[in-house]
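Chemist: need a structure here:
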Amino acid sequence: MIIKILIAVAILLVVIAIVAAFQSSTYRVVRTATFSAPPASVFAQSNDLRKYQTWNPFGKSDPEAVYVYEGPATGVGSILKWSSTGQTGEGTMSIVESRLNEVVRYRLIFIKPMAGAGDMALTLQTQGNQTLVTWTMAGDKNYLAKLMGLFMNMDKMMGGAFERGLAELKTIAEKEAQR
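Modeler: From the prediction side, this is the model:
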């Protein structure tokens with residue numbers, strides 16, 4: 001009886017390993033929100049990594065994290081490095097493209113707890129006297145990430161954080177626009 005159970009468990013593990021191998025090798029998370037603020041108010045918060053930290057939902061979840069800034073204060077070449085023994089781990093984020101009041105693109109390199117990389121962007125579109133803000137993150141998934149994806153949904157996991165971050169950014173940008 002134990003032999004049959006062990007064989008069944010082994011077969012199940014092989015099936016899970018094969019199914020994981022055929023999962024998508026990329027991920028993409030997108031959330032949008034409409035702000036009652038001009039693009040300039042949103043751009044100012046997203047083009048400065050120190051200001052980014054005031055609404056970054058991932059940074060707020062780990063009070064142990066230490067942040068170091070390098071390069072220019074704003075725009076292309078700005079770098080944020082973080083490290084923590086808590087949940088945020090270790091990595092870097094740099095601004096790789098910055099078009100005034102249109103888009104800020106970031107490159108993320110994750111070192112710990114799991115190595116990886118991703119591209120993130122905040123895109124701003126004027127809609128009358130409002131701004132449509134789109135937060136996108138995309139990247140490649142290694143085998144371990146594919147395996148984890150069988151049990152955890154990346155879009156749901158990160159999407160909630162994006163929604164919280166957009167809500168915080170909206171509050172800040174709308175308050176800034178009223179000044």
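Chemist: contacts, neighbours, all on C-alpha from now
Modeler: Noted.
Chemist: who touches the longest helix along the chain?
Modeler: Counting residues, the longest helix found in the chain (DSSP state H) is helix 154-177. The contact list for helix 154-177, computed with CA atoms under 8 Å, 6 or more residues apart in numbering, reads 27-33, 35-38, 41-42, 45, 55-58, 135.
Chemist: again, only this time at 10 Å
Modeler: 27-46, 51-52, 54-58, 60-61, 130-131, 133-137, 145, 148-149, 153 (CA atoms under 10 Å, 6 or more residues apart in numbering).
Chemist: restricted to strands, list those.
Modeler: Counted as lying in strands by DSSP state E, out of those, are 27-35, 130-131, 133-137.
Chemist: need the buried ones from those selected in PyMOL.
Modeler: The buried subset of the ones in strands among the contacts of helix 154-177, as determined by 16 or more other CA atoms under 10 Å, is captured in PyMOL by this line:
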select buried, resi 27+28+29+30+31+32+34+35+130+131+133+134+135+136+137
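Chemist: farthest-separated two in the ones in strands among the contacts of helix 154-177?
Modeler: Using CA to CA, the pair of the ones in strands among the contacts of helix 154-177 lying farthest apart is Y27 and Q130, separated by 29.3 Å.
Chemist: without its sequence neighbours, what residue ends up closest to the residue most central in space within the chain?
Modeler: Per CA atoms, centre = their mean, the C-alpha nearest to the average position across the chain is that of M137, at 5.5 Å. Leaving aside its sequence neighbours, M137 sits nearest to M120 (CA to CA, 6 or more residues apart in numbering; 4.2 Å).
Chemist: bridged to the one you found, which residues?
Modeler: Y106, M137 (DSSP bridges).
Chemist: buried ones in the longest helix of the chain, by neighbour count?
Modeler: Quick answer for helix 154-177 (16+ other CA under 10 Å): 155, 158-159, 161-163, 165-167, 169-170, 172-174, 176.
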